[in-house]
Structures are given as C-alpha cells and as structure tokens.
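K.L.:
return atomic coordinates for the entry below.
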Amino acid sequence: MITLIGDQDWAVPMNRYFPELLAPLAHALPERCVVDGEIVILGPGGLYFEALLLRIHAAASRVMLLAPRSPAAFVARDLLALGDEDLREDPLAVPRERLEQVLAARRRRCTSRRRRATAPSPRTGSVASSKRATSRRKLPPPLSSRV
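P.N.:
Next comes the predicted model:
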C-alpha cells in the first residue's frame with residue numbers, strides 16, 4: 001500500500017491515484033517495510049509538479065486516463081522500518097544503507113529467478129521448452145529504472 005503521511009495526525013492511501021507504482025514497488029520492496037521517498041512525475045524540463053497534482057483527483061476515470069499520459073515514479077530516500085525493526089532512531093546513514101541492501105538483495109533474487117527460467121530443461125536440454133514450462137508461473141516484472 002502506498003500511503004501519504006503528513007505529521008502523525010493523518011494518512012491518505014495513494015494506491016488509487018498512482019496504480020502504476022503498485023506492481024514495481026511490490027516487486028522491489030519487502031512485504032513489510034516503511035520507505036521514505038517522493039512520488040514524482042518527470043516532464044520535459046525536470047520534475048512536473050502540476051501533473052502530479054492533476055493525478056490526485058476524485059474521479060477514478062480521470063486517474064486512469066492520466067496514468068498512462070503522465071506516469072509517476074517513486075524516488076526512495078530511506079528505509080524507516082523493516083518488519084518489526086524501527087530504523088528511525090538509527091544514525092542518518094543507516095536507513096539509506098539498509099535501503100540499498102534490501103534493494104540489492106531483491107534485485108539478486110529476481111535475477112536468479114530469471115536465470116533459472118531460461119536455463120536448459122533437465123529433461124530435454126532445450127531452453128525453449130524450459131521457458132514454456134516456467135512461463136505459466138508469473139514472474140515479477142523487472143525493476144524499472146524509474147522505481
């Protein structure tokens with residue numbers, strides 16, 4: 001779940017406004033974690049704040065119309081919690097280091113899955129038949145450079 005948190009008094013779920021972020025974030029991050037970062041939309045001259053504001057709209061049909069036209073990206077800054085471990089009180093460099101470690105471990109896991117999926121089949125020795133056999137399992141999409 002993507003949640004916008006302001007102070008400690010309020011939180012707004014952002015899933016419906018940025019649906020294109022759900023799959024890449026679920027793939028890139030552990031199930032139970034809190035990541036500090038920014039949702040951004042890139043425009044021709046850099047960050048496009050106005051397009052970001054247009055995405056936060058009451059009508060779901062408008063959100064779905066704008067999502068492919070102005071896709072959002074998430075820029076992760078720090079890992080604030082992992083499972084039951086609270087990292088907010090750690091020295092400033094630690095949450096960033098832990099985020100980098102978690103992302104690297106998830107990336108390695110995905111890469112090894114892809115290698116297994118394209119390895120020759122032990123029965124036939126054919127890569128093609130091995131790919132067909134594993135294509136029934138849905139592998140997570142590769143981590144995009146925008147997440």
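
K.L.:
that's a helix at residue 99, yeah?
P.N.:
Yes - in this structure, residue 99 lies within a helix as judged by DSSP: H, G, I helix; E, B strand; the rest coil.

K.L.:
may I have the phi/psi pair for the nearest residue in space to it that is not next to it in sequence?
P.N.:
Nearest non-adjacent residue to residue 99, counting by Cβ to Cβ, 6 or more residues apart in numbering: residue 79, 3.9 Å away. To be clear about C-beta, it is placed using only N, CA and C from the backbone, and glycine gets the same treatment. Listed backbone geometry of residue 79 is phi -100, psi 110, with angles given as degrees, to the nearest 10.

K.L.:
which residues touch residue 79?
P.N.:
When the contact criterion is Cβ atoms under 8 Å, 6 or more residues apart in numbering, the partners of residue 79 are 33-36, 87, 95-96, 98-99, 102.

K.L.:
before we move on, what about residue 33?
P.N.:
For residue 33, the contacting residues are 79, 81-83, 102, taking Cβ under 8 Å, 6+ apart as the criterion.

K.L.:
beta partners for the residue nearest to residue 99?
P.N.:
Here residue 79 sits in beta bridges with residue 35, going by DSSP bridges.

K.L.:
I'd like the distance between it and residue 106.
P.N.:
Computed as Cβ to Cβ, to the nearest Å, the residue 79 to residue 106 distance reads 12 Å.

K.L.:
and if you look at residue 56?
P.N.:
28 Å.

K.L.:
swap in residue 75?
P.N.:
17 Å.

K.L.:
neighbour count: the two, which is higher?
P.N.:
Neighbours were tallied for residue 75 and for residue 106 using other Cβ atoms under 10 Å; the higher tally belongs to residue 106 (16 against 11).

K.L.:
name the helix or strand for that one, please.
P.N.:
Using DSSP states H and E, residue 106 falls within helix 93-117.

K.L.:
circling back to that earlier point, which one of the contacts of residue 79 is nearest to residue 60?
P.N.:
Sorting these by distance to residue 60 puts residue 35 at the head of the list, at 25.3 Å, by Cβ to Cβ.
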